[in-house]
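>>> Need coordinates for the below:
(one chain, ligands or ions: 1)
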Amino acid sequence: MLAGLGSLVAAFWATLHLRTLLLGAVIFLFLADFLKSRRPKHYPPGPRRLPFVGHLLHLDLKKVELQLQQYVKKYGNLLSLDLGLIPSVVITGLPLIKEVCGHMEQNFVNRPISAHRERTFHKYGLIMSNGQIWKEQRRFTLATLRNFGLGKKSLEQRIQEEAQHLGEAIENEKGQPFDPHFMVNNAVSNIICSITFGERYDYQDDQFQELLKTLDEIMCLEASLHCQLYDIFPWIMKFLPGQHQTLFANWEKLKLFVSRVIEKHKEDWNPAEPRDLIDAYLNEMAKHTDKNTSSFHEENLICCTLDLFTAGTETTSMILRWGLLFVSFYQEAQEKIQAEIDEVVGPWKQPTLKDRESMPYTNAVIHEVLRMGNIFPLGAPREVTVDTTLTGYQLPRGTVIFPNMIALHRDPKEWATPDTFTPEHFLENGQFKKREAFLPFGMGKRACLGEQLARSELFIFFTSLLQKFTFKPPQNEKLSLKARMSIPHSPPSYLICAVLRA
Ligand code: HEM
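Numbering: from 1, shown residues only. Here you go, the predicted model:
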């Protein structure tokens, strides 16, 4: 009897202990969240944040645009919107964006590294690296892109040849409805592949098609709730199943592909004759052999190559796919481009970059596609490097800043018809007109490294395709212009018909 009572008391104490422990842990977590989410007195205002997840659950990725508009109206141009535990601020309006990415850029030059990015890239690569690593890699990549652009086969020629391949693949569809998604991705990707790997891939190459699908999936998975939860609770989420695990598996697949290409390069690498960016990088690695003092080492080569491959594929192809969708939807704009092509280029000559100067309407359409396509509605994030005061608000070191590009590109004060596709936004008296409130490639020291390449690709691919085909919706079907996702703002899947021009 006494023994029975003893075990009852022991069980009671154990439960009490467990409860106390759990209660203690919960109190500790809330306290930690409270301390971490304390902000200075003059911190930008925003909606009330939830413990642990901040404002993550406030945002519906299907209608981020509209929600942001309402928040900006209520709280102003500096809006506090925490994604998880990381304090984040969305800045709205050209003057503020110019301040952050221009005059005061030294305080905003870093990128924040999310937990999911760190797991795959550590602190390496081009897009999210910082400090000396970023400076060295950016300088080297820009110089090398310039060199290979001026090499034996110019970049322009490579794009022209690829545009021909793409035209042939589309012609094979014989005017029937088809989905241009992976054909366009393949063509665009071949340009960055030929610069970095020295190789292009056939549109029937199943292995390469599989890689492009993996990359496309990565873009969707990075915006998933699981991935965002991983960024807040990596130590728990890494043990749980979910979309974040598929994301990591996909990155590993791409990494493996890139490391195999690098291994193959090493077999017949000749330092005296670099064939592509990987060869040039191997030369650089040979010059700096100490990994402790140099950022040129194999791990960084894999990360930078992966960054160029992803940034050089998805971005430009999303814009080209938006472009084909817009001209299929707005036939009148398509007819005007074709009239300009017929007048300046004619039916047989391959369009060149020089033609762009004499084709203001086509140039305006491409700019309008970039404005409406708006693939990075919140730009690319920056991180505050030292405690900073911006228009009276205090931004502590480590705050993440998102430039509100969607608001800039749809600002009714800047654009006559902000929500409608209107190439005339970029025309004045029939001539092309630059617009200050147009920043699809960002601005400042961290502006897009591939802007010139992307602009060349967009012009040559777009004019070559419209020289050869008229794009139309399938009979009795209406195309939708509603994006597949808000971030990145990617075009929906669609079918179109490419009818050969007489
Ligand atoms: C239409 C196509 C493209 C668009 C709209 C685009 C847009 C952007 C934007 C908005 C940024 C961030 C800028 C900032 O923080 O201020 C960026 C960065 C970057 N882009 Fe692009 N991009 C495009 C094509 C490309 C291509 C073809 C490449 C490949 C060479 C590329 C490589 C990069 C890299 C490496 C960065 C990071 C730069 C850094 O942090 O120093 N992009 N891009």
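>>> Name the residues of the stretch 151-300 of the chain found near the ligand, please.
Within reach of the ligand by CB under 6 Å from any ligand atom, the stretch 151-300 of the chain has these residues: Ile192. Bear in mind the C-beta positions are built from the backbone N, C-alpha and C, glycine included.
>>> In the stretch 151-300 of the chain, which residue sits nearest the ligand?
Residue of the stretch 151-300 of the chain nearest the ligand, by CB to the nearest ligand atom: Ile192 (5.7 Å).
>>> Helix or strand: which one has that residue?
Per DSSP states H and E: Ile192 is located in helix 181-196.
>>> same deal with Ile262?
helix 243-267.
>>> which is the next helix or strand following that helix?
Sequence-wise, the next helix or strand downstream of helix 243-267 (DSSP H and E) is helix 277-287.
>>> Pull out the buried positions in that following helix.
For helix 277-287, the neighbour count (16 or more other CB atoms under 10 Å) marks Leu277, Ile278, Asp279, Ala280, Tyr281, Leu282, Glu284 as buried.
>>> could you redo those residues as JSON lines and give each row pLDDT?
Formatted as JSON lines, those follow (pLDDT from 0 to 100):
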{"residue": "Leu277", "pLDDT": "94"}
{"residue": "Ile278", "pLDDT": "95"}
{"residue": "Asp279", "pLDDT": "95"}
{"residue": "Ala280", "pLDDT": "95"}
{"residue": "Tyr281", "pLDDT": "96"}
{"residue": "Leu282", "pLDDT": "96"}
{"residue": "Glu284", "pLDDT": "94"}
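>>> from the residues you listed, which is closest to Trp415?
Of all those, Trp415 sits closest to Leu277, with 37.7 Å by CB to CB.
>>> Tell me the bridge partners for the spatially closest residue to Tyr71 that is not a sequence neighbour.
Leaving out its chain neighbours, the residue that sits closest to Tyr71 by CB to CB, 6 or more residues apart in numbering is Leu79, at 5.4 Å. As for beta bridges, Leu79 partners with Val90 under DSSP bridges.
>>> Tell me if I'm right that Leu79 and Gln69 touch.
No - the pair Leu79 / Gln69 is not scored as a contact, 10.8 Å apart, by CB atoms under 8 Å.
>>> helices and strands of this protein: which one bottoms out on pLDDT?
helix 2-36 (a mean of 72; mean pLDDT, DSSP states H and E).
>>> Count the residues that sit near Thr120.
Using other CB atoms under 10 Å, Thr120 has 18 neighbouring residues.
>>> Look up the closest residue to it, ignoring the ones flanking it.
Leaving aside its sequence neighbours, Thr120 sits nearest to Trp251 (CB to CB, 6+ apart; 4.4 Å).
>>> thought Leu353 was touching Ile460?
Yes - counting by CB under 8 Å, Leu353 does reach Ile460; the two are 7.1 Å apart.
>>> So which of those two has more stuff around it?
The neighbour count for Leu353 versus Ile460, taken as other CB under 10 Å, is higher for Ile460 (24 against 16).
>>> so which helix or strand takes in the more buried one?
Using DSSP H and E, Ile460 falls in helix 451-468.
>>> other SSEs contacting the following helix or strand past that helix?
Proceeding N to C from helix 451-468, the next assigned helix or strand is strand 469-472, under DSSP H and E. On a contact count with 3 or more CB pairs under 8 Å, 6 or more residues apart in numbering; DSSP states H and E, strand 469-472 meets helix 155-171, helix 298-329, helix 331-344, strand 497-500.
>>> any idea how far strand 469-472 is from the chain center?
How far strand 469-472 lies from its chain's middle: 28 Å, per CA atoms, centre = their mean, to the nearest Å.
>>> What pairs with that strand, parallel or antiparallel?
Sheet pairing of strand 469-472 (DSSP bridges) gives strand 497-500 (antiparallel).
>>> Give me the contact list for the partner strand.
Applying CB atoms under 8 Å, 6 or more residues apart in numbering, the contact partners of strand 497-500 are 170-171, 173, 175-178, 465, 468-474.
>>> next one: it to chain centre, how far?
Its chain's average C-alpha position is 30 Å from that of strand 497-500, according to CA atoms, centre = their mean.
>>> do stretch 381-393 as well
Centroid separation for stretch 381-393 versus its chain: 23 Å, with CA atoms, centre = their mean.
>>> Could you list the residues in contact with stretch 301-308?
If you take CB under 8 Å, 6+ apart as the criterion, stretch 301-308 is touched by 121-122, 124-127, 129, 137, 141, 192, 195-197, 254-255, 258-259, 261-262, 277-278, 281-282, 285, 450.
>>> Make sure I have this right: Gly394 is in a helix.
You called it Gly, but residue 394 is Gln. No - under the criterion used here (DSSP: H, G, I helix; E, B strand; the rest coil), Gln394 is strand, not part of a helix.
>>> Quick one: neighbours of it, just the number.
Other residues near Gln394 come to 15 when the count uses other CB under 10 Å.
>>> Verify the contact between it and Tyr43 for me.
Yes - contact criterion CB under 8 Å: Gln394 and Tyr43 qualify, at 5.9 Å.
>>> Who are the packing partners of the helix or strand harbouring Met219?
Met219 is located in helix 206-222, with elements delineated by DSSP H and E. Other helices and strands packing on helix 206-222, by 3+ CB pairs under 8 Å, 6+ apart, are helix 181-196, helix 243-267, helix 298-329.
>>> angle of the shortest one against helix 155-171?
Just to be clear, that refers to helix 181-196. 160 degrees (axes from the mean of the first three to the mean of the last three CA atoms, to 10 degrees).
>>> Tell me the helices and strands packed up against helix 181-196.
Under the contact definition 3+ CB pairs under 8 Å, 6+ apart, helix 181-196 sits against helix 155-171, helix 206-222, helix 277-287, helix 298-329, helix 451-468.
>>> What are the contacting residues of that helix?
In contact with helix 181-196 (CB under 8 Å, 6+ apart) are residues 145, 148, 155, 158-159, 162-163, 165-166, 169-170, 199-201, 203, 208-209, 212-213, 215-216, 276-278, 305, 308-309, 312-314, 316-317, 320-321, 324, 450, 453, 457, 461, 493.
>>> now the angle between helix 277-287 and that helix, please.
Helix 181-196 runs at 40 degrees relative to helix 277-287, counting by the same axes, to 10 degrees.
>>> Give me the distance from helix 181-196 to the chain's centre.
Offset of helix 181-196 from its chain centre (CA atoms, centre = their mean): 16 Å.
>>> right, and the helices and strands packed on helix 206-222 - which one's nearest Arg38?
helix 243-267 (28.7 Å).
>>> which parts of that closest one are buried?
Buried, per 16+ other CB under 10 Å, within helix 243-267: 243-244, 246-248, 250-251, 254-255, 257-259, 261-262, 265.
>>> Then stretch 288-306?
In stretch 288-306, counting by 16+ other CB under 10 Å, buried: Ser294, Ser295, Phe296, His297, Asn300, Leu301, Ile302, Cys303, Cys304, Thr305, Leu306.
>>> mind checking the end-to-end distance for that stretch?
21 Å (CA to CA, to the nearest Å).
>>> Equivalent analysis for stretch 52-60, please.
From its first residue to its last, stretch 52-60 covers 18 Å (CA to CA).
>>> related to what we said a few turns ago, let's have the buried residues of stretch 288-306 in JSON lines, adding pLDDT.
As requested, these are exported to JSON lines (pLDDT from 0 to 100):
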{"residue": "Ser294", "pLDDT": "90"}
{"residue": "Ser295", "pLDDT": "94"}
{"residue": "Phe296", "pLDDT": "95"}
{"residue": "His297", "pLDDT": "94"}
{"residue": "Asn300", "pLDDT": "96"}
{"residue": "Leu301", "pLDDT": "96"}
{"residue": "Ile302", "pLDDT": "96"}
{"residue": "Cys303", "pLDDT": "97"}
{"residue": "Cys304", "pLDDT": "97"}
{"residue": "Thr305", "pLDDT": "96"}
{"residue": "Leu306", "pLDDT": "95"}
